[in-house]
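> below are the sequence and a predicted model for it; my questions follow.
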Amino acid sequence: MPISQQRLHQTLNPRSIVVVGDKGPNYGWLQRQKHFSGPVYSVQVDPNEIAGIEKLGYTNFKSLDDVPGDIDLLICAVPRVVVPRIVSDAVKRGVGGIAMFTSGFAETGEPEFAEMQQRIVEMAMGADMALVGPNCLGIYNRRVGVRFGDDQEVGEGGSVAIAGQSGTNTSGILSGLQRLGTKVGRAISFGNAAVLNECDYLEYFANDPLTEVIVMYIEGVRDGRRFFDLARRTALSKPIVVWKGGQSPAGARAVQSHTASLASQNSVWDALLKQANIIGTGTMEETLDVAAALAHTQQPTGRGVALIGMNGGQAVALSDQFSHAGFQVPSLTERSYEQLAAFFTAVGSSYRNPFDAASTIRSEDDNLAKILEILAGDPSIDGGVGLELGARDLDTGAKELDRILQLLDGYRQQTGHPVICLMHDQGGGEGGAEAMVRARRYVGDRGFAVAPSYQRGAVALGKVVSYYEERARRS
């Protein structure tokens, strides 16, 4: 029987945390919970570590039995040989769940350690205790301050939830979305999936009212039928993005030693994606682009887009990439062109779609407002706007950028169409790249999808539109 969703909920939303086996000099697991909303305790028997733990202000106990109150989450960082005893003690203590960082079990391929993993599985399942891992980074919850990484944000908000078998890739998706200004509410790195697997997390996110977009990194599916049924039902109301690892022969061999997963045939996997309306991705970058676009758009289904570049060559490049991604870049109506001609007088600029509009957009006479108002009323444009933006000097204020974003927000509020901001690196050395990263974050924080290239933005928005088109067809 699967672990109950009630116990999983307790583990993912803890009111108390105990870290077992943390070590100096940094005591990283304890320090990462410094923003946690409830009590954090340590269990450590090594006298060489206790003084350092207490110096940091954490109360240490030598036994789990001595920890006061209920324990919702235990973070296990002990050596492998100690794990069965810790799990046994946790079962006796009535711990809600364990995030098991410790590795070296079934993924080693050694029978002795596969058998050890099976023992802890039997103990956990016999007690209906949620066990995340082993061989994982564990749990992130933005709202209550549980973290497995030093740079992970805490606070309100976050409609994106992540579950991944790889700690590095799960952490990378989380950090990457933060850099794009997309808040992540939850993330789970689940490693070997010995007790709880991808199906359990998918079911939880499907029923979680705070989750609107589900992102997964998967190396192997333990229960294909259950996963397919869950995904197909969930995708009718929430988009699911899945980056599948192990799709090449070499990758398939690698996942066996990484998380003891068995890779599926690509043809089988592709069929599952199509039948369940899952959005499949193949790289970290594509996963980030699609997740950010989903988080910041309103169920788009149109394919007619208006594209605004900063010069003629870029307008052409924009058109090519969006066309390749399945969009149309249509001519506007004659009435729209008559309205545009009345004010679109900048030398060298074009008000055909795509627009070559740098000087017009950056002027202070509200020309961008006029353009967007015309586009909002043009029946040819039903897929929104792709707009190229450059980095602004955010250190001395962002008045111009704020003006543009306010106008774009008015357009999407009026139409319900998506707006995607295309902000690619334009040279300028390390300082220029840093300025662009800040600018992307600034734009993302204001609720806009941001892509670092024309091609990536077009592909991401295309996948989002395809998902909503299919969802509408199935409804």
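Cool, got the structure.
> how about the helices in the stretch 151-300 of the chain?
Using DSSP state H, counting those that start in this stretch, the helices of the stretch 151-300 of the chain run over 167-179, 198-207, 224-234, 249-259, 266-276, 284-295.
> pick out the shakiest of these, pLDDT-wise.
Among the helices of the stretch 151-300 of the chain, helix 249-259 carries the lowest mean pLDDT, a mean of 49.
> need the helices of the stretch 151-300 of the chain in CSV with distance to Asp445 and mean neighbour count, can you?
All C-beta atoms are positioned from the backbone trio N, CA, C, and that covers glycine. Formatted as CSV, those follow (distance: least, CB to CB, whole Å; neighbours: other CB atoms under 10 Å):
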stretch, distance to Asp445, mean neighbour count
helix 167-179, 10, 20
helix 198-207, 24, 22
helix 224-234, 28, 17
helix 249-259, 34, 16
helix 266-276, 31, 14
helix 284-295, 12, 25
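> possible to save these as JSON lines with distance to Lys463?
JSON lines is the format used below for the helices of the stretch 151-300 of the chain (distance: least, CB to CB, whole Å):
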{"stretch": "helix 167-179", "distance to Lys463": "16"}
{"stretch": "helix 198-207", "distance to Lys463": "19"}
{"stretch": "helix 224-234", "distance to Lys463": "16"}
{"stretch": "helix 249-259", "distance to Lys463": "22"}
{"stretch": "helix 266-276", "distance to Lys463": "11"}
{"stretch": "helix 284-295", "distance to Lys463": "5"}
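> quick one: closest of these to Arg412.
Nearest to Arg412, of all the helices of the stretch 151-300 of the chain, is helix 284-295, at 12.9 Å by CB to CB.
> ok, residues contacting the closest one?
The contact list for helix 284-295 (CB atoms under 8 Å, 6 or more residues apart in numbering) reads 159-160, 169, 172-173, 176-177, 180, 182-183, 212-213, 215, 217, 239, 241, 243, 279, 281, 418, 420, 444, 449-451, 456-457, 459-461, 463-464, 467.
> so how far is it off the chain centroid?
7 Å (CA atoms, centre = their mean, to the nearest Å).
> use 160 as the first number for this chain going forward.
Sounds good: first residue 160 from here, last item helix 443-454.
> does anything pack onto whichever strand or helix holds Leu290? Which helices or strands?
Taking DSSP states H and E as the definition, Leu290 sits inside strand 289-291. Contact here means 3 or more CB pairs under 8 Å, 6 or more residues apart in numbering; DSSP states H and E; on that basis strand 289-291 packs against helix 164-171, strand 256-259, helix 270-285.
> sheet-wise, list the partners of that strand with their directions.
Looking at strand 289-291 with DSSP bridges, its paired strands and their directions are strand 256-259 (parallel).
> quick one: residues contacting the nearest residue to Glu362 once chain neighbours are set aside.
In space, and not counting its chain neighbours, Glu362 is closest to Leu389: 5.6 Å by CB to CB, 6 or more residues apart in numbering. For Leu389, the contact set (CB under 8 Å, 6+ apart) comprises Cys358, Leu361, Glu362, Ala365.
> again with Pro459
Neighbours of Pro459 in contact, by CB under 8 Å, 6+ apart: Gly542, Gly543, His576, Pro577, Leu620, Val623, Val624, Tyr627.
> next, it: phi, psi?
phi -70, psi 140 (degrees, to the nearest 10).
> do you know how far it is from Ala452?
Going from Pro459 to Ala452 by CB to CB, to the nearest Å gives 9 Å.
> off-centre distance for the strand holding Leu290?
The answer for strand 289-291 is 21 Å, by CA atoms, centre = their mean.
> show me the contacts for Val354.
Residues near Val354 by CB under 8 Å, 6+ apart: Ile162, Val280, Ala283, Met284, Ala289, Leu290, Val291.
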